[in-house]
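In: got a predicted structure plus its sequence, pasted below:
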Amino acid sequence: MSENPEEAKPAASFEGGLEQLESIVKQLESGDLSLEKALELFEHGMTLSEQCRKQLEEAETRIETLIKKSGKVEPEPFDNNKS
């Protein structure tokens, strides 16, 4: 399996990962790939998908909402379970 070094790199940013995923999807949808190349791209896409998911989870933990307490604006951890 000859792997393109550019494809093997992890995404530098969330947006970069999404761009790479979009490119992979277009290539896979074209149907002009050998089975081996399609499998390589699929595996790389799954890795990118996991990296993007982790980046989203990390971003979620960093999100803080600002609320007013005693006339001051104070950060409060984000709780997506609040109604």
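Out: Received, thanks.
In: max-length helix in this protein?
Out: helix 35-62 (DSSP state H).
In: which is the next helix or strand following the lowest-mean-pLDDT helix or strand in the chain?
Out: Lowest on mean pLDDT, DSSP states H and E among the helices and strands of the chain sits helix 5-8, with a mean of 45. The element immediately downstream of helix 5-8 (helix or strand, assigned by DSSP states H and E) is helix 14-30.
In: tell me the buried residues in that next one?
Out: For helix 14-30, burial by neighbour count (16 or more other C-beta atoms under 10 Å) applies to G17, Q20, L21, I24. (C-beta placed from N, C-alpha, C; glycine too.)
In: of the residues you listed, closest to N81?
Out: Nearest to N81 among the buried residues of helix 14-30 is G17, at 27.2 Å by C-beta to C-beta.
In: distance check, that closest one against K54.
Out: To K54, G17 is 10 Å away according to C-beta to C-beta, to the nearest Å.
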